[in-house]
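K.L.:
how would this look folded up:
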Amino acid sequence: MAENRYKKEILLSDERNRNVAAVVRYGPHLFLSSSDGHRDINTEKIQPELDNQPIPQCNNAYGRQALRLQKAGYGGDSAVWIENFTSGQYWRLERMATWPEHFGEEGHKLAVSFGAQCKMSGVNMLTAVVQAVTPDLEREVFVHQPHRGRASRITRCGDFTYVIGVRGRSNPFTDEEAEEEVSSQFDTELFYTYEWLRSHLEKGGGSLDDLIRTDCALKRIGDTGKYREGLKNRFDGKIHFTGYSVGTLLGGRGVMEIGGLAVNPGGTKEIVWLAEDPSRAQAVKANGLVFASAASGLSDAKTGNIIQELYGDPVAQTHQAFRRLDAALNRFDTSVENTLRLDVFLDDINFEDTFIELAKQYFGGDPPTMNIVGVDLENNAEIEISCIAGA
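P.N.:
Predicted coordinates:
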């Protein structure tokens, strides 16, 4: 299919009048900024009385996303990718049980999901991220939800295939269980996790070779290097897809959760590799979109070397992260100005407003959607950003 066939359109601006787009359309793709549960859906004011009230917060976070889609001329039932960053995972099933109300009795069955327990702001318990598609695109599910109020395991829609976030507690092909509290646990769960992704993709006629991005939450951020090495061993020495890996509490058993996005079987993708590590994808272009791997605020834009003097300076790291991200996008003749969805990972979630103010100089009056969550970052960085941009 031809590239550069879509135009970026801001359909709805941020409700709090920040320099953020609430909904961006790029052809059939609808990108939404993250939505917090502790803010009233009508006034956008923080509701302190919702402290430790997960279901009302779900109704705010998910309800805002559905309302945004409605205001943009669509509806909550157009969601295809729902990501959930929470203060706890003990109410995961109760959280997903609210989906039919916000994403439709039929529509919620067609969306995949990813979730992790993260650092939250104040009494916030849920930051919800949603990506949707226009209704002219058919969503085809290959592994259905186990029951109402749960996510699809794999959904194909338009040019892409979306795969649910999975853990590696067992092997889907052999039913073997991963041993816990042993030195081999991480490697075993890493293998099993990608076996689950493989299992889902194969149900749709695809394979792990089709991956273009993975989102990875690790229980221990110190395992990031081990995670990369495990992927290289799995994929013949080269990580051929982009992604991020951050440290979160996760909640429950297991040491990682990973979700994926792939091109459809038979589709093509172009890869550019990191200068400092030619075995890792820096960016991937597929079907009119560019996916960039996470850019650390500590990394030199060209070499990837850690810039020691940036430690402890989140403002300087913000600028450096944008330089690093722009360098990745430039390799496909695009730039941060063409960003549609910006994923922002902060060591201190309370830096959010300052980050948005600093980002103005990179986007001007044409901002992307932004998804901002608090996590642990590799090398004790203050900030990492990744994105999906127009090709």
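K.L.:
Helices of the stretch 1-150 of the chain, start to end?
P.N.:
Assigned helices in the stretch 1-150 of the chain, in chain order: 54-71, 92-96, 99-103 (criterion: DSSP state H, counting those that start in this stretch).
K.L.:
just so I know, which of these lies nearest residue 289?
P.N.:
With Cβ to Cβ, the closest approach to residue 289 among the helices of the stretch 1-150 of the chain belongs to helix 54-71: 19.9 Å. Heads up, the C-betas are built off the backbone N, CA and C, glycines and all.
K.L.:
how far out from the middle of the chain is the closest one?
P.N.:
Using Cα atoms, centre = their mean, to the nearest Å, the mean C-alpha position of helix 54-71 is found 18 Å from that of the whole chain.
K.L.:
And that helix, what does it pack against?
P.N.:
Taking 3 or more Cβ pairs under 8 Å, 6 or more residues apart in numbering; DSSP states H and E as the contact definition, the neighbouring helices and strands of helix 54-71 are strand 21-26, strand 29-32, strand 35-36, helix 92-96, helix 99-103, strand 126-133.
K.L.:
For the first one, enumerate the helices and strands it packs against.
P.N.:
Taking 3+ Cβ pairs under 8 Å, 6+ apart as contact, the helices and strands that strand 21-26 lies on are strand 8-13, strand 29-32, helix 54-71, strand 339-346, strand 369-374.
K.L.:
at 10 Å what do you get?
P.N.:
With contacts defined as 3 or more Cβ pairs under 10 Å, 6 or more residues apart in numbering; DSSP states H and E, strand 21-26 has these neighbours: strand 8-13, strand 29-32, helix 54-71, strand 126-133, strand 339-346, strand 369-374, strand 383-390.
K.L.:
Tell me which strands it pairs with, and in which orientation.
P.N.:
Pairing partners of strand 21-26, with direction, according to DSSP bridges: strand 8-13 (antiparallel), strand 29-32 (antiparallel).
K.L.:
next one: the shortest one
P.N.:
The strands that strand 35-36 pairs with in its sheet are strand 126-133 (antiparallel) (by DSSP bridges).
K.L.:
angle of the partner strand against strand 369-374?
P.N.:
Calculated by axes from the mean of the first three to the mean of the last three Cα atoms, to 10 degrees, strand 126-133 forms an angle of 150 degrees with strand 369-374.
K.L.:
Renumber starting at 58 from here on
P.N.:
Noted, 58 is the first residue going forward, which turns the last one into strand 183-190.
K.L.:
what angle do strand 183-190 and strand 440-447 make?
P.N.:
Taking the same axes, to 10 degrees, one finds strand 183-190 and strand 440-447 inclined to each other by 20 degrees.
K.L.:
then strand 183-190 to CSV, C-alphas only?
P.N.:
Extracted in CSV, the C-alpha atoms of strand 183-190 (Å, rounded to 0.1, in the frame of the first residue of the first chain):
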residue,chain,number,x,y,z
LEU,A,183,-6.1,4.4,36.9
THR,A,184,-4.5,6.0,33.8
ALA,A,185,-6.3,4.6,30.8
VAL,A,186,-4.8,4.7,27.3
VAL,A,187,-7.0,4.0,24.2
GLN,A,188,-6.4,3.6,20.5
ALA,A,189,-9.3,3.2,18.2
VAL,A,190,-10.2,2.9,14.6
